[in-house]
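A.B. asks: Quick one, what's the 3D model for this:
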Amino acid sequence: MFKTYSRYGVIMAILLIAYFLLLKLFGLHEYPVLSAFNGVIYGGGILLAIKKYRSGKSKLKYQKGFQVGFMSGVIATLIFVAFMAVFIYQIDGEFANTIVDGWSLDFNSGKLLLLITVVFMGFSTSLVLTLAFMQLLKESWNTPEGKRNTMSN
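C.D. replies: Sure thing, here's the model as predicted:
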């Protein structure tokens, strides 16, 4: 299981970094609305990780599938935040200030605030998408075996 979610977490992180660098190349990295595509990257990676884990099993346990999906998103988030920390503190220090200036805050801690925001966005995206995909991929109780778990009139 660790092998599955670590592999997909690293792949998602690479795609997130590549997307950010592509936006930087065209000068579009300062528009936060374009980070909405990160959800597509997370979604694809989480879905593929759960499906890969499921393919090796005859029956997918909800908890195990949830763990694979969420942990792949967590790993991707942590790697991406590490990249963003290096980018913000070593390469382009004004990037964080430019983003945070649009938030109309009265204090100046833009770099750390931006990194914390990226962590929360990554974790929450991973959580929500994993919950959604597990609803699609879990075993249904709408079977003859599942009917024994319902109340009869």
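A.B. asks: where does the protein have its least confident helix or strand?
C.D. replies: Among the helices and strands of the chain, helix 93-101 carries the lowest confidence by mean pLDDT, DSSP states H and E, at a mean of 70.
A.B. asks: From residue 24, how far out is residue 92?
C.D. replies: According to CB to CB, to the nearest Å, residue 92 and residue 24 sit 8 Å apart. Yep, even glycine has a C-beta here, placed from its N, CA and C like the rest.
A.B. asks: Check residue 32 too.
C.D. replies: 14 Å.
A.B. asks: what do you get for residue 95?
C.D. replies: 9 Å.
A.B. asks: okay, those two: which has more neighbours?
C.D. replies: Just comparing residue 95 and residue 24: by other CB atoms under 10 Å the higher neighbour count belongs to residue 95, 18 against 15.
A.B. asks: Tell me the buried residues in the longest helix along the chain?
C.D. replies: Longest helix in the chain, counting residues (DSSP state H): helix 110-137. By neighbour count on 16 or more other CB atoms under 10 Å, the buried set for helix 110-137 is 110-111, 113-115, 117-119, 121-122, 125-126, 129-130, 133-134, 137.
A.B. asks: and that helix, average pLDDT?
C.D. replies: Confidence for helix 110-137, expressed as mean pLDDT, is 87.
A.B. asks: For it, what is the distance to the chain centroid?
C.D. replies: Averaging C-alpha positions (CA atoms, centre = their mean, to the nearest Å) puts helix 110-137 5 Å from its chain's average.
A.B. asks: So which elements touch it?
C.D. replies: Packing partners of helix 110-137 (3 or more CB pairs under 8 Å, 6 or more residues apart in numbering; DSSP states H and E): helix 37-55, helix 62-86, helix 93-101.
A.B. asks: Need the residues that contact the second one.
C.D. replies: Looking back up the chat, that one is helix 62-86. Applying CB atoms under 8 Å, 6 or more residues apart in numbering, the external contacts of helix 62-86 come out as 1, 4-6, 8-10, 12-13, 16-17, 20, 42, 45-47, 49-50, 53-54, 57, 114-115, 118-119, 122-123, 125-127, 129-131, 133-134, 137-138.
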